[in-house]
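Chemist: Please work out how this folds:
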Amino acid sequence: MSALFFEDFELGMKVASAGRTVTEHDVAAFAGLSGDFNQIHTDAEFARATPFGQRIAHGLLGLSIASGLAVQTGILGANVIAFREVGEWKFVKPVFIGDTIHVEMEVVETKAFPRLGGGLVTILANVQNQGGETTMKGTWTVLVRFK
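Modeler: Numbers count the residues shown, from 1 in each chain. Below you'll find the predicted structure:
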């Protein structure tokens, strides 16, 4: 899909991304970048004793990967002026190292803002793992330029 302009978005429009497997390297790199070395992410022995039984990826890492997957579809491509809001975001299930996630998106609102040279597009985002289970969900609002 090529980069969309504000006028290209229609209510109910749906787009699904490709999948991406979350790796050990992703978790280690995100811990280093963010400074979040919580043992649930970085210590296998500690994590084994948690209700999850294993290490989990950072929730914000999953959100970051999902936003990158969305960009790769073109729906949030070069015409995005600004990522304005993450709304009502819920972390439903953990993302484990080795899980493959993808994001399913639906346009739920559009609102033109001529003085800004574009309009707001609100997208319902549902991040799912390889089993089709929702791992996180919520809305993203982006400012997209006019044609």
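Chemist: In a strand, A18, correct?
Modeler: No - going by DSSP: H, G, I helix; E, B strand; the rest coil, the assignment for A18 is coil, not a strand.
Chemist: Sheet-wise, list the partners of the strand ranked longest in the chain with their directions.
Modeler: Longest strand in the chain by number of residues, with DSSP state E as the criterion: strand 100-113. Note on strand 100-113: by DSSP bridges, its sheet partners are strand 14-16 (antiparallel), strand 20-21 (antiparallel), strand 118-128 (antiparallel).
Chemist: For the second one, what does the pLDDT average out to?
Modeler: The one in question is strand 20-21. The average of the pLDDT scores along strand 20-21 is 98.
Chemist: can you check stretch 57-73 too?
Modeler: Stretch 57-73 comes out at a mean pLDDT of 97.
Chemist: Show residues contacting that stretch.
Modeler: 1, 15-20, 22, 26-27, 30-31, 34, 36, 38, 41, 76-77, 83, 86, 89, 91, 94-97, 99, 101-103, 105, 123, 125, 127, 135-136, 140 (Cβ atoms under 8 Å, 6 or more residues apart in numbering). No exception for glycine: its C-beta is placed from N, CA and C like everyone else's.
Chemist: Is it possible to mark the buried ones in these?
Modeler: In the contacts of stretch 57-73, burial by neighbour count holds for 15, 17, 20, 22, 26-27, 30-31, 41, 76-77, 89, 91, 94-97, 99, 101-103, 105, 123, 125, 127, 135-136, 140, counting by 16 or more other Cβ atoms under 10 Å.
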